[in-house]
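A.B. asks: pasting the sequence and the predicted coordinates here, then a few questions.
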Amino acid sequence: MSINILLRILQFNFIHSSYIMIVSKFGGTSVGSYEAMSRSAGIIADNPQRRWVVISATAGTTNDLVALSKQTSQGSEVERLLQLIEDRHQDIASQCTNASAALQQVNDLMISLRDHMQVDTKDAQWVDSLLAFGEDFSTRLFKYVLEEYGILVRLEWAGQWIKTDSRFGNAEVQLERIQPEIHSYVTAHDLESSEEVVLTQGFIGADEQGRITTLGRGGSDYSAALFAEALGAECLEIWTDVAGVYTTDPRMVANAHPLSEIGFDEAAELSVFGGKVLHPATTKPVRRANIPLKVLSSIHPSLPGTQILTNPMERPIVRAISVRKEQTLMTLHSLDMLHQPGFLAKIFSILAEHRISVDLVTTSEVSVSLTLDTAHKASNRVEVSEGVLRALNDFCDVEIEYDLALVALIGNAMNQTSGISGKLFSTLKDYNIRMVCHGASANNVCFLVKESEAEAVAKTIHDQFITLICRM
């Protein structure tokens, strides 16, 4: 026996002696049509280590379901939205090899969806159950497409593993319950020796009573990261319609380009401050478990994409620029604030009572400005209720401003780099800059501008700092 043959045998035995798994998440555009589903199924078939697959709703479906949730009566608009959802999924089902079964599946789900719309009590729990139809449609149809590639599929309901509290619409995950549930499942079904691919939904969880909950818009990425952590996956893949994480949004800046790598700290900041490739919570589970994360294109799977990891090879001062539009700025003025203990605590207590999360804060001796967190909302805009304003107006003057955008430079050692602010703001001398935050984080410098000027500001910064942005 030659040395080369012996090495191949040893390599084969090593690979198959352990449970090597890749968790792969496919977004709405990656399953938005039969053609897209077929491409994604081919990606899974190309690598037998892609054993746990997480799917979003087909592109446009969650938006339609959100619109349905806001309809107060049965009428032509409800029927129009239901027809859009039915047509979209019937088009996919009709192209499946097993079209009759797939079309029957769509018909059965549409009957359930129409029944759901007849319920009188349309509370937050009802909305979560409504939104879950999106992922239910997509996973059931994707199972047929995977089987066309000869893949053995176990279609499972994500709520059996993703345990949450009962805060419908933006449920809090109960981390301590997820790993034991998944380990029990893997053991019970002997997945280590099975060739089956587990197919499940993103975005969806369940509370202790088994009621459907959701993790907030974009939560499928977070679901996939939680699965990867619990499984000790070799890698988490996020498959989308772009070629990776870009230096900035290429729809705003034509010469933006994809990055080959980025650190977890940078990726977390980028997602929080407006980068739409990843859900803001996605990096937390995989970082805890030190699992590499890759952002890849399902349209062009041969492209290298972007790898997100703990120790990137290079750490440029400026890596990327992000923009988050529809920002709400609250400014509170009071002469009593000067040297008064507990003033800020009182403000935050009122906001917490009304479940409003604060994002950025700047203060002076007699005023404090806050941007309000929008990371998990369907719209970035936060409307401040009359109840909040009344409570705050009891002890300070309140000014609310809308139509602003948050611009952030994302990079490394920014709080230790001389001249970064000077160069930045001299570059932007023609724009009115609001609420600058610098120094609290090593990974970002951020500020507010008028929303109408945000794209021009992003382009100006990108052009000026292009030599600092890592072209890899």
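C.D. replies: Yep, it's here.
A.B. asks: report all helices and strands that the helix of greatest length in the chain contacts.
C.D. replies: When secondary structure is assigned using DSSP state H, the longest helix within the chain turns out to be helix 124-148. Helix 124-148 is packed against helix 34-46, strand 50-55, helix 61-69, helix 76-94, helix 99-117, strand 153-155, strand 197-201, strand 212-214, with contacts defined by 3 or more Cβ pairs under 8 Å, 6 or more residues apart in numbering; DSSP states H and E. All C-beta atoms are positioned from the backbone trio N, CA, C, and that covers glycine.
A.B. asks: what angle separates that helix from strand 197-201?
C.D. replies: Comparing the axes of helix 124-148 and strand 197-201 via axes from the mean of the first three to the mean of the last three Cα atoms, to 10 degrees yields an angle of 150 degrees.
A.B. asks: I308 bridge partners, please.
C.D. replies: Beta-bridge partners recorded for I308 (DSSP bridges): I262, L293.
A.B. asks: residue contacts, it?
C.D. replies: V245, E261, I262, G263, F264, A267, T283, P292, L293, K294, V295 (Cβ atoms under 8 Å, 6 or more residues apart in numbering).
A.B. asks: also E229?
C.D. replies: E229 makes contacts with Q179, P285, V286, R288, A289, I291, as judged by Cβ under 8 Å, 6+ apart.
A.B. asks: what separates the last one from S24, distance-wise?
C.D. replies: When distances are taken as Cβ to Cβ, to the nearest Å, I291 and S24 turn out to be 13 Å apart.
A.B. asks: quick one, which of those two is more surrounded?
C.D. replies: Remark: of I291 and S24, S24 carries more neighbours, 29 against 22, as counted by other Cβ atoms under 10 Å.
A.B. asks: enumerate every residue touching that one.
C.D. replies: Shown in contact with S24 (Cβ under 8 Å, 6+ apart): I43, I44, R50, W52, V53, V54, A224, E237, W239.
A.B. asks: quick check on the most centrally placed residue in the chain: phi, psi?
C.D. replies: By Cα atoms, centre = their mean, the chain has its centre lying nearest to H279, at 2.0 Å. The phi and psi values for H279, taken as degrees, to the nearest 10, are phi -70, psi 140.
A.B. asks: surely it is in contact with L226?
C.D. replies: No - the pair formed by H279 and L226 falls short of the contact definition of Cβ atoms under 8 Å, at 11.1 Å.
A.B. asks: just the buried ones from the contacts of E229, in PyMOL syntax?
C.D. replies: For the buried members of these, the matching PyMOL selection, counting by 16 or more other Cβ atoms under 10 Å, is:
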select buried, resi 285+286+291
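A.B. asks: the contacts of S24 into a markdown table, with extra columns for distance to W157?
C.D. replies: A markdown table is the format used below for the contacts of S24 (distance: Cβ to Cβ, whole Å):
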| residue | distance to W157 |
| --- | --- |
| I43 | 23 |
| I44 | 20 |
| R50 | 20 |
| W52 | 14 |
| V53 | 14 |
| V54 | 12 |
| A224 | 16 |
| E237 | 22 |
| W239 | 22 |
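A.B. asks: quick one: which of the residues you listed is nearest E365?
C.D. replies: Of all those, A224 has the smallest distance to E365: 46.4 Å, by Cβ to Cβ.
A.B. asks: ok, for that closest one, nearest residue in space, not its chain neighbours?
C.D. replies: What sits nearest to A224 in space, not counting adjacent residues and going by Cβ to Cβ, 6 or more residues apart in numbering, is K25, at 3.6 Å.
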